[in-house]
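Undergrad: Following is a predicted model, sequence given first.
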Amino acid sequence: MARTPVVDKDACISCGLCPEIAPGTFKFDEDEKAYAYNPKGETEEKIQEAIDSCPVEAISWKEE
């Protein structure tokens with residue numbers, strides 16, 4: 001089963017940790033909210049590090 005990272009934009013506080021940790025997967029949109037522009041852009045371990053680092057737990061895995 002594949003997993004895709006998703007960001008809850010309502011919860012995102014634009015701290016910048018996820019694009020700093022996993023720049024191949026996360027970046028900010030025009031509202032300065034993070035999103036997964038390339039869900040397979042980093043290893044699952046690196047994406048998990050970004051998920052674990054989010055201070056408001058705005059990032060999670062979506063099972064597909």
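TA: Thanks, I have it.

Undergrad: Where is the longest helix in the protein?
TA: With secondary structure taken from DSSP state H, the chain has its longest helix at helix 44-53.

Undergrad: contacting residues for Asn38?
TA: By C-beta atoms under 8 Å, 6 or more residues apart in numbering, the residues touching Asn38 are 24-25. Glycine gets a C-beta too; all of them are placed from N, C-alpha and C.

Undergrad: name the element it belongs to?
TA: Assigned by DSSP states H and E, Asn38 falls within no helix or strand.

Undergrad: So for it, what's the pLDDT?
TA: Looking at Asn38, its pLDDT reads 98.

Undergrad: picking that back up, in the longest helix of the chain, what counts as buried?
TA: Within helix 44-53, the residues scored as buried using 16 or more other C-beta atoms under 10 Å are 47-48, 50-51.

Undergrad: so where do the strands sit in the chain?
TA: If DSSP state E is used as the criterion, the strands of the chain fall at 3-7, 26-28, 34-36, 59-63.

Undergrad: Adding mean neighbour count and distance to Glu20, write those out as JSON lines.
TA: Output for these, formatted as JSON lines (neighbours: other C-beta atoms under 10 Å; distance: least, C-beta to C-beta, whole Å):
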{"stretch": "strand 3-7", "mean neighbour count": "17", "distance to Glu20": "14"}
{"stretch": "strand 26-28", "mean neighbour count": "19", "distance to Glu20": "9"}
{"stretch": "strand 34-36", "mean neighbour count": "22", "distance to Glu20": "10"}
{"stretch": "strand 59-63", "mean neighbour count": "15", "distance to Glu20": "13"}
